[in-house]
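A.B. asks: build me a model from this:
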Amino acid sequence: KKKKKKEEGRTGALRPFFRAMLSQALKDHQAAQALRKREIEVLRQEARHATKTVSDDLVESMNKGVADVFAAQRQLEVEAKTLQSALGRYNKVANQWIAMVDSFNQALKEIGDVENWSEKIESDMHHIAAALELVHGREESQRPAADTPDSDAAGGDSAAVSAADTAGLQPSHPQ
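C.D. replies: As a prediction, the model looks like this:
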């Protein structure tokens with residue numbers, strides 16, 4: 001029993017020291033944990049802020065790209081409408097030119113037809129003039145010297161018609 005009391009006496013005296021030391025170790029540990037918690041919370045806040053900044057920058061960058069694409073698309077649509085209306089105007093002008101050229105070609109064809117008709121009329125007139133000269137030449141050669149102008153008129157018409165008929169020179173008419 002004495003031995004036990006002796007040991008208890010030694011350990012009993014050390015108990016407050018151990019308690020104080022353990023209490024101090026616990027306080028130090030709790031203070032270190034609180035400090036680490038604050039450091040972790042600061043790091044967590046910094047990480048949140050950095051993540052939010054990166055996320056905002058990425059979204060802003062993507063939105064800027066999307067906005068640029070959207071603006072370019074709008075510009076292309078405006079230019080396409082402008083080109084479409086210009087094409088419509090040019091098409092209308094081209095059709096007007098085509099109509100004018102067709103009209104001009106038709107007028108040239110008509111001029112060619114009139115020219116051909118006038119050439120035929122001129123040819124017919126030459127034939128008639130030649131026939132008249134031929135008839136007039138025959139009348140002069142067949143006429144007696146003592147004929148009167150009244151007999152020329154009666155005989156001349158029948159001679160001119162018969163000479164034209166016998167020569168086969170009939171006036172042609174345009175087609």
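
A.B. asks: mean confidence for the helix or strand harbouring Lys109?
C.D. replies: Secondary structure assignment for Lys109, by DSSP states H and E: helix 2-142. Helix 2-142 shows an average pLDDT of 86 in the prediction.

A.B. asks: which strands or helices does that helix pack on?
C.D. replies: helix 149-167 (3 or more C-beta pairs under 8 Å, 6 or more residues apart in numbering; DSSP states H and E). C-betas here are computed from N, CA, C, even on glycine.

A.B. asks: for the helix it packs on, the averaged confidence score.
C.D. replies: Rounded mean pLDDT across helix 149-167 is 48.

A.B. asks: run a quick neighbour tally on Val135.
C.D. replies: Val135 has 20 neighbouring residues, counting by other C-beta atoms under 10 Å.

A.B. asks: any figure for the gap between it and His126?
C.D. replies: 15 Å (C-beta to C-beta, to the nearest Å).

A.B. asks: for Asp28, same thing?
C.D. replies: 143 Å.

A.B. asks: cool, Glu60 as well?
C.D. replies: 97 Å.

A.B. asks: OK, contacts around Leu58?
C.D. replies: Leu58 sits next to no residue when contact means C-beta atoms under 8 Å, 6 or more residues apart in numbering.

A.B. asks: how many residues are close by Leu132?
C.D. replies: Residues near Leu132, counting by other C-beta under 10 Å, number 14.

A.B. asks: again, but for Ile128
C.D. replies: As a burial measure, Ile128 scores 14 neighbours (other C-beta under 10 Å).
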